[in-house]
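*Asks:* Please find the sequence and the predicted model below.
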Amino acid sequence: MSSKPVNPNEFLLIPKWINEEYFVPILEKDVDKFEKIISFSPIAATAPGENYTSIMVRVVIVYLSKDGSEEQVSYILKTGLDVNKGGAMVEQIGMFPKEKEMYQHHIPQFVKLYKEAGIDVELAPKCVHTEETPERITMVFEDLKTNNFRNVDRLEGLDFVHMRCVLRKLAEFHAASAVYREVNGPYDTRYNKSMFCEENSGLLTKVREIREPQYLKAMLEWGIPDIERYIRKSPDAPKFCEETLKLNEVDENSFNVLNHGDSWCNNIMFKYKENGEIDRTLFVDLQLCKWGSPAQDLWYVIVSSASLDIKVKEFDHFIQIYHERLSECLKLLNYSKPVPSLRDVHVMMIQGSTWGYVTANGVMVAVLMPSDKDSNMDKLLSPGPEADAFRHRTFTNPLYVKAMKQLLPFFDHRGVLDFD
């Protein structure tokens, strides 16, 4: 047996219902010759600042097998936040019902499409249990870390080799989703909405109003030449909400896919060969999947997660890498409509460029913030002096400032900041 696992977040309060009794039927279904649980150790699955929208628990179980041997298995349990800890917003956006359906139905169907075309393509980990009650939706997954998968350090970002693997995997995901839609008709209407939908407009405006004073104050401290130009182009709360609501619109005459919707580096796991080469790449966290332009995922992953030395420098090259694999997969899966050209994808990127601005002002703030006990949804979104101080700290974080020194001129040169 391995040593007792180290808890990466002592501040996480693990719900009492996550116990041996809950896991017995899961083990009976998932493990051959399971007899009984010997020890049960629930700990946080992530450190503070690594996850903002759910409770993530790693459950390490030592069990007795029917042959008398002691074995160990571990799982990742994912469930909702308390309502007063940011869970209300997560519930309002409808993240968990989406993810449950993605793992139960859509991912297996995408994999099946590739299987029928003669190749094996992995997209996500195995989900061994789902449960929906009036109080919560819960999912239990295989623990990829026990199979030597790991994340890249989010503060360093994805180097070129990792980005190439991610973009190719994203293309595989997108291609299957487009072909599935062609064969089976539209996805459920829940996939038509991102978090930037009309129902959330009040919440989005409120969040922008809460964050804006600290953000504008921080910009003056960044030391960027002509910062006043960028401040003038920074949309106020009503304009920001107006622009983000446009992201929810879908041009059905264009090429569309089911976007992962939250494709930053912590939601991508890698397994390596003995020589250090990347062997397998998988996506996790499918709570924000959204039907629409692939520009969403492309802007999101490049801005949030490419390492700083290549984020801008290799931007157009990244689009080419994605397009090459997308074309291969669409043809392999017998997509009947015209395959988008590389030029088409670049046009989509211009048309969907607000995703770049939103990512830089949203998730990238969290991605580049070193682990901190205050890194949680409550602190990011709550009003008040304590939360204001934390937000100001995130906006003046040297890693974030360094990224914005590159991104603001890049955005400006591409017209990303021309909201009017």
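*Replies:* Noted; the coordinates are in hand.
*Asks:* Work out the gap between stretch 57-68 and the centre of the chain.
*Replies:* Mean-position distance between stretch 57-68 and its chain equals 30 Å (Cα atoms, centre = their mean, to the nearest Å).
*Asks:* got it, and stretch 222-229?
*Replies:* In this view, stretch 222-229 has its centroid 30 Å away from the chain centroid, taken as Cα atoms, centre = their mean.
*Asks:* Stretch 350-357 too?
*Replies:* Put simply, stretch 350-357 sits 18 Å off its chain's centre (Cα atoms, centre = their mean).
*Asks:* Between its first and last residues, how far does it reach?
*Replies:* End-to-end distance of stretch 350-357 (Cα to Cα, to the nearest Å): 12 Å.
*Asks:* which outside residues touch that stretch?
*Replies:* Residues outside stretch 350-357 that contact it (Cβ atoms under 8 Å, 6 or more residues apart in numbering) are 243-244, 246-247, 293, 295-296, 299-300, 303, 407, 411, 414-417, 419. In this view, the C-beta of every residue, glycine as well, is placed from N, C-alpha and C.
*Asks:* just the buried members of the residues you listed?
*Replies:* Applying 16 or more other Cβ atoms under 10 Å to the contacts of stretch 350-357, the neighbour count classes 243-244, 247, 293, 295-296, 299-300, 303, 407, 411, 416-417 as buried.
*Asks:* Okay, and which of the contacts of stretch 350-357 map to helices?
*Replies:* Members of the contacts of stretch 350-357 lying in helices (criterion: DSSP state H): E243, T244, K246, A295, Q296, W299, Y300, V303, L407, F411, R414.
*Asks:* And these, which two are furthest apart?
*Replies:* With Cβ to Cβ as the measure, no two of these lie farther apart than K246 and L407, at 20.5 Å.
*Asks:* Surely K36 and V62 touch.
*Replies:* No: with the criterion set as Cβ atoms under 8 Å, K36 and V62 do not qualify as a contacting pair; they are 10.4 Å apart.
*Asks:* Of the two, which one has the most company?
*Replies:* For K36 versus V62, the count of surrounding residues by other Cβ atoms under 10 Å is larger for V62: 16 against 11.
*Asks:* got the contact list for the helix or strand hosting the more buried one?
*Replies:* Using DSSP states H and E, V62 sits in strand 55-65. Surrounding strand 55-65, the residues in contact under the criterion Cβ under 8 Å, 6+ apart are 1, 5, 12, 14-15, 18, 23, 27, 31, 33-46, 70-81, 143, 145.
*Asks:* which secondary element of this protein has the worst mean pLDDT?
*Replies:* Averaged element by element with mean pLDDT, DSSP states H and E, the chain has its least confident helix or strand at helix 87-93 (a mean of 48).
*Asks:* Show me what the strand or helix carrying P238 is packed against.
*Replies:* For P238, the host element (DSSP H and E) is helix 237-246. Contacts of helix 237-246 with other secondary structure elements, assessed using 3 or more Cβ pairs under 8 Å, 6 or more residues apart in numbering; DSSP states H and E, are made with helix 201-219, helix 354-361.
*Asks:* With respect to V152, which of those lies nearest?
*Replies:* Distances from V152 to each of the helices and strands packed on helix 237-246 were compared using Cβ to Cβ; the shortest belongs to helix 354-361, at 17.4 Å.
*Asks:* Quick check: buried residues in the strand holding V62?
*Replies:* Of the residues in strand 55-65, those scored as buried under the neighbour-count criterion (16+ other Cβ under 10 Å) are I55, M56, V57, R58, V59, V60, I61, V62, Y63.
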